[in-house]
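Student: need coordinates for the below:
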Amino acid sequence: MFEPTEAADRPVRLLGFWGTPENRTLPDPAGLVDPDWDEAQRLWVADYLAHGLVAGNWMGASRCRLCSRANGSRDLTDGHYLWPEGLAHYVLDHGVRLPAEFLDHIERRSRALEELERDGSWWQRNAART
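Tutor: Below you'll find the model as predicted:
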């Protein structure tokens, strides 16, 4: 699905990093809450976010800017986007809506995975060798 060398050709896009009183250049999650966002789509997006590859670990846990819950200490990635571990919480529990471009991205990736041609011959040959 993702080879680390793929990312070397382009920067990953940051997603779900929030502004602070000291740095207001990033968004405030409260401004992205959409109470009408379909729950099934939120569950689907949160699941995708929760299953990213670990791209970094930090010393302290982040806190949710909306409810103060401990929200993880890792950054996750799919090789195209990079987000904080707690972003799934914002989506699922607070309805923080992410950009349509990102939703389209995960739809394309999910479809591509579903359409993969499957070949069990390698596994059949090599399982006997273990």
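
Student: contacts, neighbours, all on C-alpha from now
Tutor: Noted.

Student: run through this structure and note the low-pLDDT ranges.
Tutor: Counting by pLDDT under 70, the low-confidence segments of the chain come to 1-8, 130.

Student: can you tell me the closest non-neighbouring residue to the residue nearest the centre of it?
Tutor: Closest to where the C-alpha atoms of the chain average out (CA atoms, centre = their mean) is Leu49, at 2.9 Å. Nearest residue to Leu49, sequence neighbours excluded (CA to CA, 6 or more residues apart in numbering): Ala88, at 5.5 Å.

Student: list the helices and strands the one helix or strand that neighbour maps to packs on?
Tutor: Ala88 is part of helix 87-94 when elements are defined by DSSP states H and E. Helix 87-94 makes packing contacts with helix 39-50 when contacts are defined by 3 or more CA pairs under 8 Å, 6 or more residues apart in numbering; DSSP states H and E.

Student: restricting to C-alpha, output the biggest helix by length in the chain in CSV.
Tutor: With DSSP state H applied, the helix covering the greatest number of residues in the chain is identified as helix 100-114. The C-alpha trace of helix 100-114 is given here as CSV (Å, rounded to 0.1, in the frame of the first residue of the first chain):
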residue,chain,number,x,y,z
ALA,A,100,-13.3,17.1,0.6
GLU,A,101,-10.0,16.5,-1.1
PHE,A,102,-8.9,14.3,1.7
LEU,A,103,-12.2,12.4,1.7
ASP,A,104,-11.8,11.8,-2.0
HIS,A,105,-8.3,10.6,-1.4
ILE,A,106,-9.3,7.9,1.1
GLU,A,107,-12.2,6.9,-1.2
ARG,A,108,-9.8,6.4,-4.1
ARG,A,109,-7.3,4.5,-1.9
SER,A,110,-10.0,2.3,-0.4
ARG,A,111,-11.4,1.5,-3.9
ALA,A,112,-7.9,0.7,-5.2
LEU,A,113,-7.4,-1.8,-2.3
GLU,A,114,-10.7,-3.5,-2.9
